[in-house]
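> sequence unknown, structure follows:
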């Protein structure tokens with residue numbers, strides 16, 4: 001529910017709730033909202049230092065909210081990915 005409400009609060013089309021492992025090296029998806037099955041599968045776990053919004057959020061200690069154009073430019077691994085409901 002947290003992810004759903006947080007996404008709605010910022011009018012997001014997708015959101016993730018992630019857990020960082022104790023060693024702080026890997027993220028694991030705990031809950032997602034609005035992501036397509038291929039995105040959910042591809043990013044079920046990923047390195048904390050990967051050039052993705054989650055890693056940036058941990059490094060900068062801030063929430064990363066981007067529109068699709070900004071996301072595709074800043075995070076090439078996500079470029080062209082669709083949300084589940086699109």
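Perfect, I can see it now. None of the values given here were measured: they were computed from a predicted structure.
> name the nearest residue to residue 79, ignoring sequence neighbours.
Closest residue to residue 79 apart from its sequence neighbours, by C-beta to C-beta, 6 or more residues apart in numbering: residue 72 at 4.0 Å. From N, CA and C alone the C-beta is placed, and that goes for glycine too.
> host element of the one you found?
Element membership of residue 72 [criterion: DSSP states H and E] is helix 68-74.
> in three-state terms, label the residue lying closest to residue 76 once chain neighbours are set aside for me.
Sequence neighbours aside, residue 51 is the residue nearest to residue 76 in space, at 7.6 Å (criterion: C-beta to C-beta, 6+ apart). Taking DSSP: H, G, I helix; E, B strand; the rest coil as the rule, one finds residue 51 in the coil state.
> okay, which residue is most central for this protein?
residue 16 (5.0 Å; C-alpha atoms, centre = their mean).
> surely that residue is in a strand?
Yes. Counting by three-state DSSP, residue 16 is found in a strand.
> where does it land on pLDDT?
Residue 16 carries a pLDDT score of 78 in this model.
> identify the residues contacting it.
Counting by C-beta atoms under 8 Å, 6 or more residues apart in numbering, residue 16 makes contact with 3, 29, 31-33, 35, 43, 54.
> among those, name the ones in strands.
29, 31-33 (DSSP state E).
> filter those to the buried ones?
Among those, those classed as buried by 16 or more other C-beta atoms under 10 Å are 29, 32-33.
> picking that back up, confidence-wise, which of the ones in strands among the contacts of residue 16 comes last?
residue 33 (78).
> wait, that one touches residue 40, no?
No. Residue 33 is beyond contact range of residue 40, at 10.4 Å (criterion: C-beta atoms under 8 Å).
> quick one on the thing from earlier: quick one: which of the contacts of residue 16 is nearest to residue 63?
residue 54 (10.6 Å; C-beta to C-beta).
> now for the closest one, how many residues are close by?
17 (other C-beta atoms under 10 Å).
> also the one 5 residues further on?
Residues near residue 59, counting by other C-beta under 10 Å, number 11.
> so which elements touch the helix or strand that it is a member of?
Using DSSP H and E, residue 59 maps to helix 53-60. Here helix 53-60 touches strand 15-20, going by 3 or more C-beta pairs under 8 Å, 6 or more residues apart in numbering; DSSP states H and E.
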